[in-house]
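Undergrad: mind looking at a prediction? Sequence and model below.
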Amino acid sequence: MASHFHVPETIEDALRLRRELHGAASFLAGGTEVNNRKAKEAPEHLVWLGRLGLGGITHRDEGVSIGAMTTLQEILESEIIHPAIHQATSNHANRNIRNVATIGGHLGVCRSCADLIPVLLTLGARLRVATDSGEIERDLESWVLGERDGIVLSVEVPDPPGDLRIAIENHSRTANDLSLIAAAVSLRNDAGRVRNAIVAVGGVSRTVIRLRPVEAALDGRPLPARHEVEALVAAHVDPITDIRGSAAFKRHLAATLVERALRSAWNQEGCR
Ligand SMILES: Cc1cc2nc3c(=O)[nH]c(=O)nc-3n(C[C@H](O)[C@H](O)[C@H](O)COP(=O)(O)OP(=O)(O)OC[C@H]3O[C@@H](n4cnc5c(N)ncnc54)[C@H](O)[C@@H]3O)c2cc1C
């Protein structure tokens, strides 16, 4: 169980505390994940990020900046957030959890079935991250798949081009449960051919992943028939069997939901 609660007032102090306490400290945002750990797995020191001025959603010249301590409910209620992010956020647990869970914590945990990561990938989001060697900007995919070191300061979501089509699909056992599969896609319809497709899926791997072979196979062609797209997706996901479902069921679900999202995006009238 945690026995020390630190409240740094600066980013530098938060990083220093974590560095000096080595593995004994964990950053704390909303705490939905950190406070959910078994007592013997809990860190001894908690370093709260709530006094670092990391809240708020602002419109910048070319996109929207979401501070890391912004809660998911604030995202849901924001009028300047992309509608696809709204939709993904509304799938996240329930209002009680969304009132405390933050976007920074969501990226800190990077669950396999994280609801917001697929849609953020399709929108080309980038992260501002404070590290021991200074502030850097990171591609979201490199954060999800690579080393997750430092404090996420904000998520930078560029305004999508007007002809980008985005669709999301998810399935969970109950409205309150984690998603079994969360899928998001974006693409352009270039004179009847798929271009620049991004296909991101959660629940089929250790983290959310982009299905790059699927993206490549779709490029430059009209969207193939349903059974072809589903077979393509099923061949490139490798879920595990767990309490929420068998690997075969999740593979089937991923194929169905990704195909549905692709078709929904494909049939949109070039809108945001
Ligand atoms: C009951 C319950 C239901 C849930 N439902 C869902 C769901 O439907 N969908 C879903 O996707 N997830 C769900 N989650 C998972 C998780 O709670 C959320 O993803 C949430 O957004 C985590 O945010 P937090 O602020 O509570 O994180 P915290 O618990 O405070 O932190 C989580 C991790 O992130 C790190 N961290 C926090 N902030 C930062 C930062 N700024 N930079 C770097 N690292 C940071 C912490 O050190 C910690 O390791 C659920 C969890 C619970 C307990």
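TA: On my side now, so go ahead.

Undergrad: so what pLDDT did the closest residue to the ligand within the stretch 151-272 of the chain get?
TA: Nearest to the ligand, among the residues of the stretch 151-272 of the chain, is residue 152, at 3.6 Å (C-beta to the nearest ligand atom). C-beta coordinates here come from the backbone N, C-alpha and C atoms, glycine included. At residue 152, the model reports a pLDDT of 98.

Undergrad: C-terminal to the helix or strand it falls within, what's the next element?
TA: According to DSSP states H and E, residue 152 maps onto strand 151-158. Of the helices and strands lying after strand 151-158 in sequence (DSSP H and E), the nearest is strand 165-172.

Undergrad: that older thread, just checking, the residue of the stretch 151-272 of the chain closest to the ligand touches residue 129?
TA: Yes. Contact criterion C-beta atoms under 8 Å: residue 152 and residue 129 qualify, at 5.6 Å.

Undergrad: can you tell me if stretch 42-52 touches the ligand.
TA: Yes. Using C-beta under 6 Å from any ligand atom, we find that stretch 42-52 touches the ligand at residue 49.

Undergrad: so which bits of that stretch are buried?
TA: Judged by neighbour count (16 or more other C-beta atoms under 10 Å), stretch 42-52 contains these buried residues: 43, 45-49, 52.

Undergrad: and what of stretch 196-208?
TA: Within stretch 196-208, the residues scored as buried using 16+ other C-beta under 10 Å are 197-204, 207-208.

Undergrad: got CSV for those, with pLDDT too?
TA: Below are the buried residues of stretch 196-208 laid out as CSV (pLDDT from 0 to 100):
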residue, pLDDT
197, 98
198, 98
199, 98
200, 98
201, 98
202, 98
203, 97
204, 97
207, 97
208, 98
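
Undergrad: among the residues you listed, name the ones in strands.
TA: When DSSP state E is applied, those are split such that 197-202 fall in strands.

Undergrad: ok, the residue nearest the centre of the chain - contacts?
TA: The centre of the chain sits closest to residue 117, judged by C-alpha atoms, centre = their mean, with a distance of 1.3 Å. If a contact means C-beta atoms under 8 Å, 6 or more residues apart in numbering, then residue 117 has 106-107, 110, 140, 144, 182, 200, 202, 207-208 as its contacts.

Undergrad: residues contacting the top helix by length along the chain, please?
TA: Longest helix in the chain by number of residues (criterion: DSSP state H): helix 247-266. Residues outside helix 247-266 that contact it (C-beta under 8 Å, 6+ apart): 165-171, 180-181, 183-187, 189, 194, 197, 199, 201, 203-204, 211, 214, 218, 223, 226, 229-231, 233-234, 237-241, 244-245.

Undergrad: for ChimeraX, what selects the buried ones among these?
TA: To isolate the buried ones among the contacts of helix 247-266 in ChimeraX, judged by 16+ other C-beta under 10 Å, type:
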select :165,166,167,168,169,170,171,180,181,183,184,185,186,187,189,194,197,199,201,203,204,211,214,218,223,229,230,233,234,237,239,244,245
